[in-house]
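here is a sequence with its predicted model. Questions after.
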Amino acid sequence: MIGDSPAIAALRNYLPKVANSKATVLVTGATGTGKEIVARAVHELGPRCRQPFLAINCAAISDTLIESELFGHQRGAFTGAVASNKGLVMQAHGGTLFLDEIDAMAHHAQAKLLRVLETREVLSVGAGRPVPVDVRIVAATNQALEGLVASQQFRADLFYRLNVARIHLPPLRDRKEDIPSLIASMLRDLNKRDNRSVSVPDSEMLQCLLAHDWPGNVRELRNLIETVFIDPPLGPMRLDDLPTVFRNLFASYRRCDYEMPSPEVVNAEKGRLISALQETNWNKAQASALLNCSRMTLYRKLAKYRIDRSR
């Protein structure tokens, strides 16, 4: 989990504890915040890491097929069942099953999932008796399940079974201080993938990225950064490197009246920034506290003066 915000720092501390427990996990958060990444982290940090990790989007499977997909079926159980199918629950035996958009699961499938959680047994369609299964369930939703329970669109008993270890991912607009770290990580991945050397955004572009509210969250940010690699610059990313649709989107954020202060002021401020960072071993949260400024302000100044630890 990338970032220096309090929410991400707390999540990094909490994830290993959840991973090493046996609790069922419910991950909540808006679309694009990284719920599957959290689910994979729970799997990979825990004792099941060498066993299967399987994922299914419940909203992508029709109500008539979800039961067979999850719990399996016997040959001849219904028209078209020419062979037996173990189902994802049994395929994930010993490991983790990630159920994304659990709120979209049909009611009859919710009842069978509840039975799996309560009895640790699975009954496939057309089978005479259940079989034992050892699987950890991690569910995710971008909806408020409490509201769906109140309106009887989601089973209350299943909600209580799922809502044991609750992990909430805040939207990117609430943790904008993580944007520079996220961009740096994305650039490392994309530069390696495409054998490029695109570097971090210049100060004007970073100001726009920090001003945007990111309704699509981290996924939207990644998509924007990836568009730059269609026709990549040789150095820092600039607004002019973005497609027209993004330049128009950021037009209202541009600071056309920006003026760089005098060299003396620049050198003094850069010196204070670097001293604070060195004193805190480049811990930006501690450095911003030492400088008596917000982390957002610190990030803007680092971008403004192009201060980077690697330099």
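Received it, and whenever you're ready, just let me know what you need.

and Leu123, backbone torsions?
Note on Leu123: its backbone torsions stand at phi -120, psi 110 [degrees, to the nearest 10].

and it, how far from Ser68?
12 Å (C-beta to C-beta, to the nearest Å). C-betas here are computed from N, CA, C, even on glycine.

ok, now Leu54?
Counting by C-beta to C-beta, the gap from Leu54 to Ser68 is 15 Å.

and the residue nearest the centre of this protein?
Gly34 (1.2 Å; C-alpha atoms, centre = their mean).

touching, that residue and Leu169? I think so.
Yes: between Gly34 and Leu169 a contact is recorded at 6.0 Å, counting by C-beta atoms under 8 Å.

when Leu123 and Ser68 are compared, which one has more neighbours?
Taking neighbours as other C-beta atoms under 10 Å, Leu123 and Ser68 compare with Ser68 leading, 21 against 16.

if we can go back for a sec, which residues does the closest residue to the residue nearest to the centre of the chain other than its chain neighbours contact?
The spatial neighbour of Gly34 that comes closest, neighbours along the chain excluded (C-beta to C-beta, 6 or more residues apart in numbering), is Val218 at 5.5 Å. By C-beta atoms under 8 Å, 6 or more residues apart in numbering, the contact set of Val218 is 32-34, 172, 182.

mark which of the residues you listed are buried, thanks.
Buried subset of the contacts of Val218 (neighbour count, 16 or more other C-beta atoms under 10 Å): 32-34, 172, 182.

that's a strand at Met90, yeah?
No: per DSSP: H, G, I helix; E, B strand; the rest coil, Met90 lies outside any strand segment and is helix.

please shift the residue numbers so they start at 16 in all later answers.
Shifting the count to begin at 16 puts that one at Met105.

I'd say it and Val148 touch.
Yes: Met105 is within contact range of Val148, at 5.9 Å (criterion: C-beta under 8 Å).

and the helices in the stretch 66-215 of the chain?
Applying DSSP state H, counting those that start in this stretch to the stretch 66-215 of the chain gives helices spanning 78-86, 102-106, 122-134, 160-165, 171-177, 194-209.

list the helices and strands the longest one packs on?
Helix 194-209 makes packing contacts with helix 218-226, helix 232-243, helix 310-320 when contacts are defined by 3 or more C-beta pairs under 8 Å, 6 or more residues apart in numbering; DSSP states H and E.

what comes up buried for the last one?
By neighbour count with 16+ other C-beta under 10 Å, helix 310-320 contains the buried residues 310, 313-320.

just stretch 101-111 next, same as before
By neighbour count on 16+ other C-beta under 10 Å, the buried set for stretch 101-111 is 102-105, 107-108, 110-111.

how about the chain, which residue sits the furthest from its center?
Ranking residues of the chain by C-alpha distance from their mean position (C-alpha atoms, centre = their mean) puts Glu279 at the top, at 42.4 Å.

quick check: the gap between it and Val140.
For Glu279 relative to Val140 (C-beta to C-beta), the value is 77 Å.

can you give me the end-to-end span of stretch 47-66?
End-to-end distance of stretch 47-66: 26 Å, with C-alpha to C-alpha, to the nearest Å as the criterion.

ok so, going back, now mean pLDDT and distance to Leu60 too, for the helices of the stretch 66-215 of the chain, in TSV please.
Shown next, in TSV, are these (pLDDT from 0 to 100; distance: least, C-beta to C-beta, whole Å):
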stretch	mean pLDDT	distance to Leu60
helix 78-86	85	25
helix 102-106	92	22
helix 122-134	94	22
helix 160-165	96	25
helix 171-177	97	20
helix 194-209	94	18
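
nearest to Asn238 among the ones you listed would be which one?
With C-beta to C-beta as the criterion, Asn238 lies closest to helix 194-209 of the helices of the stretch 66-215 of the chain, at 10.0 Å.

just the residues contacting the closest one, thanks.
So helix 194-209 is contacted by 17-19, 187, 211-216, 221, 224-225, 233, 236-237, 240-241, 244, 247, 314, 317-318 (C-beta under 8 Å, 6+ apart).
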